[in-house]
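A.B. asks: What follows is a predicted structure for the sequence shown.
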Amino acid sequence: MQPKVVILCGGLGTRLKEETDIRPKPMVMIGDKPILWHIMKIYSHYGFNDFILCLGYKGEVIKQYFLNYDFLNSDFTIKLAPQKTVTVHKTSEESDWRITLADTGVNALKGARLKRIEKYIKEDTFMVTYGDGVGNIDIKKLLDFHNSHGKMATVTGVRPPSRFGEMETKDHKVLLFTEKPQASAGLINGGFFVFNRKFFECLTDEDNCDFERGTLEEIAARGELMVYKHEGDWACMDTYRDVEYLNKLWQNNAAFWKIWR
């Protein structure tokens, strides 16, 4: 049985208030689809189509989106009387997705959100990622790496894009100009986690149970957290500038995370 994919969708997105005053951060658009859809497409490309969405702030927006998914993404005909019937004229490419939308509390930290969806996971292994990060990550290689080391958890380590272009110069002459390159040193947490089910024993459903601070720090100290080093591209949607950057890539057919066709 394939591992389920858990996506954390409940945060307030306070650094992106231009967008998140009206919608949760995972529903901010890249092109004509929310970033959440883009993340799900990455997993789906590798055959992982069973999703659990941890909802919180404005979770009803995500519920409405998926409840009306076929209507939003297809032509359809409505017959109004005597009984209303709707005929959808196209089946979406995402018709094999199975999505569990779980209310995990408006004020809960990420560890509590994960604990509250434990009941939906029966498999020995499951995957987790954030609702605001994309990358050209090979999910099958990530899962193979996790299964190879026998530890409780795997985090994907990434080199984030520089916030600004970099220049190599000599005697006031620009020798090399690079727009938003990957940082040359140091890995950061890029999400795209894999966990064994016993990870749930490290969590509580108290609102103040965090994920990174405390929980991941503790299992790292016990030698149970491994890193899958992703040498490709990765980006997160943290500010409005990031929204503009990701949309520019999408519009110019340069979206590195678009590994599906």
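C.D. replies: Yep, that arrived. Numbering: from 1, shown residues only.

A.B. asks: Run through the helices of this protein in chain order.
C.D. replies: For the chain, the helices defined by DSSP state H cover 17-20, 35-45, 59-67, 69-72, 110-116, 139-149, 217-221, 240-251.

A.B. asks: Just the mean pLDDT for the second one, thanks.
C.D. replies: Going back to what we said before, that points to helix 35-45. Taken as a whole, helix 35-45 carries a mean pLDDT of 98.

A.B. asks: Just name whatever secondary elements that helix is in contact with.
C.D. replies: strand 5-9, strand 50-55, strand 133-135, helix 139-149 (3 or more CB pairs under 8 Å, 6 or more residues apart in numbering; DSSP states H and E). The C-beta positions use only the backbone N, C-alpha and C, and glycine is treated the same way.

A.B. asks: Next: the last one.
C.D. replies: Under the contact criterion of 3+ CB pairs under 8 Å, 6+ apart, the helices and strands touching helix 240-251 comprise helix 17-20, strand 29-30, strand 234-236.

A.B. asks: can you list the ones you listed in CSV and add mean pLDDT?
C.D. replies: Putting the helices and strands packed on helix 240-251 into CSV (pLDDT from 0 to 100) gives the following:
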stretch, mean pLDDT
helix 17-20, 76
strand 29-30, 96
strand 234-236, 94
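
A.B. asks: Minimum distance to residue 207: which of the helices of the chain has it?
C.D. replies: Evaluated over these, closeness to residue 207 peaks at helix 110-116, with 5.4 Å, by CB to CB.

A.B. asks: picking up where we left off before, out of the helices and strands packed on helix 240-251, the one nearest residue 256 is which?
C.D. replies: Nearest of the helices and strands packed on helix 240-251 (CB to CB): strand 234-236, 8.1 Å.

A.B. asks: so where is this protein shaky, pLDDT-wise?
C.D. replies: Where the chain drops to pLDDT under 70, the residues are 91, 162-185.

A.B. asks: try it again with 50
C.D. replies: 167, 172-174 (pLDDT under 50).

A.B. asks: just the helices of the chain: most buried one?
C.D. replies: Across the helices of the chain, the average number of neighbours (mean count of other CB atoms under 10 Å) peaks for helix 110-116, which reaches a mean of 23.

A.B. asks: centre of the chain versus that helix, how much separation?
C.D. replies: 16 Å (CA atoms, centre = their mean, to the nearest Å).

A.B. asks: packing partners for it?
C.D. replies: Looks like helix 110-116 contacts strand 5-9, strand 50-55 (3+ CB pairs under 8 Å, 6+ apart).

A.B. asks: Can you give the contact residues for the longest one?
C.D. replies: Looking back up the chat, that one is strand 50-55. Residues outside strand 50-55 that contact it (CB atoms under 8 Å, 6 or more residues apart in numbering): 2, 4-10, 24, 36, 40, 43, 62-63, 97-104, 110, 113-114, 116-117, 120-121, 131.

A.B. asks: Next, count neighbours for residue 152.
C.D. replies: 20 (other CB atoms under 10 Å).
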